[in-house]
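Engineer: quick one: sequence plus predicted model below, questions after.
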Amino acid sequence: MKKNKIEIDYIEIVIDINHEPEKVASCYQIISDESYSFDEFVIKYRPKKIISEFDSVIKLQSLSSKDNKSKLKITGNFYKWLYGHNVTGCESLIDLVLLTIDKLKKLELVDPTDEQLETIRLGRFRLFKVDIKRDIIFESKQNAIQYLSTLKALSTYPKQKKTIFENGIYFGFTSERWSMCNYYKGQEIRDKPNRSKTSSELKALADLMIRQEIRIRSKQLRTWDLLFGHQWLDLNYIDKFFSNKLEKIYIPKIIFKDAKSNITNKSDRKFYNCLINGDIDSYSKSTISRKRKHFLDSYNIDINNF
């Protein structure tokens with residue numbers, strides 16, 4: 001198996017960038033003072049969903065006031081919004097933010113000055129939430145599923161409770177600071193209603209992939225000295241820091257089985273080929289049920305995970 005480098009998944013940031021608040025608001029409220037006087041009023045702008053050509057969403061919210069006309073909150077999976085998927089990703093948080101701003105500019109939702117862009121390039125902005133990810137790529141779909149099954153059954157993490165779901169596990173699921181999840185990316189794509197927007201090549205890659213994610217909220221970002229963009233500039237440091245966190249998952253050594261070499265029976269091999277190609281509807285329900293038990297007992301393959 002191969003472990004990819006750490007990449008950025010989901011971000012919530014506040015940046016200084018010129019924009020028209022009404023353009024990036026779904027609506028706004030005018031709030032008077034306690035005497036119901038509008039001489040000293042405050043305008044609060046509601047977030048607006050910005051849908052890309054891939055039907056992916058980020059949210060914009062103007063935090064502008066009378067004194068500052070440029071504060072903007074941006075929230076979402078920036079990479080998915082830009083490219084329509086997150087099977088692959090971007091290692092640099094700063095680059096991902098700048099690419100997003102460039103697209104928002106083309107959509108005429110922001111109008112940054114050169115000085116504002118340089119400030120962002122230097123990482124002088126605040127982070128409120130970040131998801132990072134690392135993908136583990138296996139030689140076969142069976143091996144990826146076997147790895148996840150072992151994680152669900154036997155893995156532990158120091159001082160973090162394990163919560164098991166059908167397609168993965170969480171450590172620290174209810175934590176208000178940070179949590180970690182591991183899941184099978186191939187299944188996650190199949191479960192999504194917009195999975196047809198992911199190319200066949202990326203789906204094939206996802207079928208070999210266990211996705212590891214860490215969600216970090218504001219308090220933990222401060223504790224880890226990662227609260228500001230400039231603290232994410234050193235990509236080697238970021239990769240090492242989070243890889244160390246992920247490597248603390250305890251999992252017994254796994255001896256992976258190669259299904260293709262193990263399956264010598266012609267009938268079973270034919271069924272397995274139909275299984276991995278998504279063509280088992282040609283078999284009756286009783287045959288599939290019988291094969292499921294047989295494949296578990298003989299090859300350690302759970303066909304329900306395909």
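Structural biologist: That came in fine, so what should we check first? Residues are numbered from 1 along each chain as shown.
Engineer: where do the helices of the stretch 201-306 of the chain begin and end?
Structural biologist: Assigned helices in the stretch 201-306 of the chain, in chain order: 218-223, 235-246, 259-262, 266-276, 285-299 (criterion: DSSP state H, counting those that start in this stretch).
Engineer: how far is the last one from where the chain is centred?
Structural biologist: Counting by CA atoms, centre = their mean, to the nearest Å, helix 285-299 is centred 34 Å from the centre of its parent chain.
Engineer: pLDDT averaged over it - what is it?
Structural biologist: Taken as a whole, helix 285-299 has a mean pLDDT of 80.
Engineer: same for it, what does it pack against?
Structural biologist: Contacts defined by 3 or more CB pairs under 8 Å, 6 or more residues apart in numbering; DSSP states H and E place helix 285-299 against helix 266-276. C-betas here are computed from N, CA, C, even on glycine.
Engineer: same for the helix it packs on, what does it pack against?
Structural biologist: Against helix 266-276 (3+ CB pairs under 8 Å, 6+ apart) you get helix 259-262, helix 285-299.
Engineer: how about stretch 121-132 as PDB, C-alpha atoms only?
Structural biologist: What follows is stretch 121-132, C-alpha atoms only, in PDB (Å, rounded to 0.1, in the frame of the first residue of the first chain):
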ATOM      1  CA  ARG A 121      -0.500  34.800  -0.300                       C
ATOM      2  CA  LEU A 122       1.500  35.500   2.900                       C
ATOM      3  CA  GLY A 123      -1.100  33.700   5.000                       C
ATOM      4  CA  ARG A 124      -2.300  36.700   6.900                       C
ATOM      5  CA  PHE A 125      -5.800  35.500   7.600                       C
ATOM      6  CA  ARG A 126      -7.700  33.600  10.200                       C
ATOM      7  CA  LEU A 127      -8.800  29.900  10.100                       C
ATOM      8  CA  PHE A 128     -11.900  28.700  12.000                       C
ATOM      9  CA  LYS A 129     -12.100  25.100  10.700                       C
ATOM     10  CA  VAL A 130      -9.900  22.900   8.600                       C
ATOM     11  CA  ASP A 131     -10.300  19.300   7.300                       C
ATOM     12  CA  ILE A 132      -7.100  17.600   6.200                       C
END
